[in-house]
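A.B. asks: Sequence plus predicted model, see below.
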Amino acid sequence: MYQYDVIDREFLTDRSNEFRHQVVRRLAGDLTEDQFKPLRLMNGLYLQLHAYMLRVAIPYGSLNARQARRLAWVARTYDKGYGHMTTRQNVQFNWIKLKDAPDILDALAEVDLHAIQTSGNCIRNTTADPYAGATAEEVDDPRVWSEVIRQWSTLHPEFSFLPRKFKIAITGALTDRAAVKVHDIGLILRRARDGSLGFEVIVGGGQGRTPYVGPTIKQHLPAGSLLSYLEAVLRVYNRHGRRDNIYKARIKILVAALGAEEFGRQVEEEWAKIDQGRADLGDVELARIRGAFAQTPFETLPARSEAFEAAKAASPSLARFARNNVKPHKKPGYAIVEVSLKAIGQTPGDATADQLDVVADLAERYGLDDLRVTHAQNLVLPHIKLDDLPAVHAILEANGLATANIDLVSDIIACPGLDYCALANARAIPIAQDIAKTFADPDRAETIGELKIKISGCINACGHHHVAHIGILGVDKKGEEFYQLSLGGSGAEDATIGKILGPALPADRVAPAIDTLVDTYLAARQGEERFLDTYRRVGLEPFKEAVYAQAD
Amino acid sequence: MPKLIKLVGAKDEHQAQWAEDAFVHVTDEDAIPEAGDVILSLTRFQAEGDTLLSSNSRRVGVRIEPAGEVEALAYDLPRLSLVALAFPKYRDGRAYTSARLLRERFHYEGEIRAVGDVLQEQAGFMVRVGFDAFEPNDGSSPEAWTKAANRFRHVYQRAADVRPIAADERAAQVEESAL
């Protein structure tokens, strides 16, 4: 993993001091809330329905044990004992007092964590494949490039007041676990036929009220030219993105208005004028960053673990966990372990302070001091020896962390919704809990197979409902919470925006409607089809009929 | 009349001071004064700039609104003492690009002045893209600007200034330790 050096640390100290000074001025009344708002937002501090919310950046979703323990400590000391994993691999604390915020940021800075650019119209925390450095699928480690972008984008003097927020996601694998096609910029690492490393550059994807799957504007950008090319994209956007209407200010609107071809042409024209030798990172620094990620001390192990096989044969719960939460690793004898934060009836993506400590301990003891936050609001222990899986599973199970439901019907993404968020129209968490309870039977959930349900409490789509196999959008109808269902979306490599099923449903009809959709799918399923495959084959109609026939 | 703050001293150690403002902002509706240094809109400059500059006795600056493109000034820059870049709202960040292009692409060496909704919180960003004069809108003092402009000991990305970026500092450390 990348380790902060003295430069990175002094930078955070300077940032922390700046914010402390600003909070003092606010508390003394020298700054009005209006003047203070942009300053606190630049430090990830939002004013929500009940309290301040602090969003902590987890660069490319990657944490070590010490950092996870510090997050647990913050949750225990300054919050109500839990933290919330976001769909952009960050961690949010929902019950923060303004006067505590500078102390929290100091405490986070001690372990190289911060809240810089987790809000505001700037380049946000870059997200990446949570299996980076562990999956055999990847052509290159996306963390290397995410770290390059982290540094380049941090307090960027030209791009800190963009028309709107700007999100970049990177994957190095064919299976897209970072939703790169629905980001402002999506980067896919690829090797050209001659073996040279490059990026497919996708620009102008996004969700919110105008969802787009982003078009590719460059098939193969030489990897070493990443920063100069990003500079060109951001400059075209900064100059020409709309600023007259907040809902039309994202880059996707500019790309759609110009057309991908014309936008790409403008970027090329700007890129040609940039002094690349100056803008791009030198090989020495690139090698330094790459080296930091290359030093994972894997052992040479047999591909098969007799201990694991025996334990699995003896324990149905371990066997179920292995089927659903354990993924293949690039090194023989290792596995990637998904830790579900979607226990039935719990708030999706919440982890208690104790749970964070448990996962930190596991990472330190069994997992090469590495853990990840996923955009699906779960945690990942990316490097667990097969031999250690029984022990790891037992500890997870004892702490309510072994729910074997990754990518299954109860692995629901949900935004904080009206329980916390000042923007929401409707609650998302209770809907997720209802649905999870409806599908609490793990055998049935496995029979149903991969089914990605995502819930947003408003059109801003933080819950990624547009790209869900079944999406649920909370709407307000004359003061009552209603939910609009959509089908057939995907945020993965086959990215698609879902189609609206029909009129919105009241809250108590959502879980039964999902049940009906699932029954319709199971009746129509051919062979090993996933819900999404069946939907794509048979279309919207059978599902629509099944759900709305009940109402008539 | 807003007071003017200017950067003085070495390029890598910013010192802000009060400065006398010899220039007058002339709106498109105003008559151009008989004498003295003036700042005109781009449109006004394009119409009347030649005449004014040929009189030779005064300096001329141009004010560019965020949507205006500095490329339009490319051939006039050697004759301009000042380019004022407008911030109608502090959130409108187009002028940062304009300043950077003036310095990096057009090698403009005259004054680049921030006008409009100019706050001390922007100081660090502004000085890095090439602004060297400010008409603050928040009553802030040169001391506050000096502090804000020097707040961070390190920077991560190249801009229009001469500061070594983190990568340069690291390379220098490596060289030093190799000696």
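C.D. replies: Nice, thanks for sending it over. Residues are numbered from 1 along each chain as shown, chains lettered A, B, ... in the order given.

A.B. asks: quick one, what contacts the residue in chain B that chain A sits nearest to?
C.D. replies: Relative to chain A, the nearest point of chain B is B:Gly93 (2.7 Å; Cβ to the nearest Cβ). The way it works is simple: take the backbone N, C-alpha and C, and place the C-beta from them, glycine included. The contact partners of B:Gly93, taken as Cβ atoms under 8 Å, 6 or more residues apart in numbering or on different chains, are A:121, A:158-162, A:238.

A.B. asks: repeat that for 10 Å
C.D. replies: A:121-122, A:157-163, A:238-239, A:241, A:243, B:66, B:87, B:122, B:125, B:129 (Cβ atoms under 10 Å, 6 or more residues apart in numbering or on different chains).

A.B. asks: So A:Cys186 sits against A:Ala128, correct?
C.D. replies: Quick fix: residue A:186 is Gly, not Cys. No. Between A:Gly186 and A:Ala128 there is no contact under Cβ atoms under 10 Å: 11.1 Å.

A.B. asks: residues bridging contact with those two, i.e. touching both?
C.D. replies: A:168-171, A:178, A:180.

A.B. asks: And the furthest pair within those residues?
C.D. replies: Of all pairs drawn from the shared contacts of A:Gly186 and A:Ala128, the greatest distance, 11.4 Å, lies between A:Ile168 and A:Thr171 (Cβ to Cβ).

A.B. asks: the more surrounded of A:Gly186 and A:Ala128?
C.D. replies: Set side by side, A:Gly186 and A:Ala128 show more neighbours around A:Ala128, with 31 against 27, by other Cβ atoms under 10 Å in any protein chain shown.

A.B. asks: what does the domain assignment say about chain A?
C.D. replies: By the assignment in automatic domain parsing, chain A contains the domains A:6-109, A:134-294, A:306-398, A:413-549.

A.B. asks: Including distance to chain B and mean pLDDT, could those go into a markdown table?
C.D. replies: Formatted as a markdown table, those follow (distance: least, Cβ to the nearest Cβ, whole Å; pLDDT from 0 to 100):
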| stretch | distance to chain B | mean pLDDT |
| --- | --- | --- |
| domain A:6-109 | 5 | 93 |
| domain A:134-294 | 3 | 97 |
| domain A:306-398 | 23 | 98 |
| domain A:413-549 | 19 | 96 |
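
A.B. asks: Show me the strands in chain B, by range?
C.D. replies: Ranges of strands in chain B, per DSSP state E, are B:4-8, B:15-19, B:23-25, B:37-41, B:60-64, B:82-87, B:111-116, B:133-134.

A.B. asks: can you count the residues close to A:His240?
C.D. replies: Neighbours around A:His240, by other Cβ under 10 Å: 17.

A.B. asks: now do the one 3 residues further on
C.D. replies: Counted by other Cβ under 10 Å, the residues lying close to A:Arg243 total 22.

A.B. asks: how would you label the residue lying closest to it once chain neighbours are set aside: helix, strand or coil?
C.D. replies: Closest residue to A:Arg243 apart from its sequence neighbours, by Cβ to Cβ, 6 or more residues apart in numbering or on different chains: A:Pro163 at 4.9 Å. Three-state call for A:Pro163 (DSSP: H, G, I helix; E, B strand; the rest coil): coil.

A.B. asks: which residues does A:Pro163 contact?
C.D. replies: With contact set as Cβ under 10 Å, 6+ apart, A:Pro163 has these partners: A:121, A:237-246, A:248-251, A:253-254, B:91-94.

A.B. asks: Scan chain A for its longest helix.
C.D. replies: Counting by DSSP state H, the longest helix found in chain A is helix A:6-27.

A.B. asks: buried residues in the one helix or strand in chain B whose mean pLDDT sits lowest?
C.D. replies: The weakest-scoring helix or strand in chain B, judged by mean pLDDT, DSSP states H and E, is helix B:166-178 (a mean of 87). Across helix B:166-178, burial judged by 16 or more other Cβ atoms under 10 Å in any protein chain shown covers B:166-167, B:169-171.

A.B. asks: and that helix, how far out from the chain's middle?
C.D. replies: 31 Å (Cα atoms, centre = their mean, to the nearest Å).

A.B. asks: Report the separation between B:Ala159 and A:Phe159.
C.D. replies: Shown here: B:Ala159 relative to A:Phe159, a distance of 10 Å by Cβ to Cβ, to the nearest Å.

A.B. asks: what do you get for A:Lys342?
C.D. replies: 36 Å.

A.B. asks: just the helices in the stretch 151-300 of chain A please.
C.D. replies: A:226-240, A:251-258, A:260-273, A:276-279, A:283-294 (DSSP state H, counting those that start in this stretch).

A.B. asks: will you turn those into TSV that also has distance to A:Asp103?
C.D. replies: Converted to TSV, those look like this (distance: least, Cβ to Cβ, whole Å):
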stretch	distance to A:Asp103
helix A:226-240	34
helix A:251-258	36
helix A:260-273	43
helix A:276-279	38
helix A:283-294	29
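
A.B. asks: Tell me which of these lies nearest to A:Ala134.
C.D. replies: Checking those against A:Ala134 by Cβ to Cβ gives helix A:283-294 as the closest, at 11.2 Å.

A.B. asks: If you compare the directions of the closest one and helix A:226-240, what angle comes out?
C.D. replies: Angle, helix A:283-294 to helix A:226-240, by axes from the mean of the first three to the mean of the last three Cα atoms, to 10 degrees: 100 degrees.
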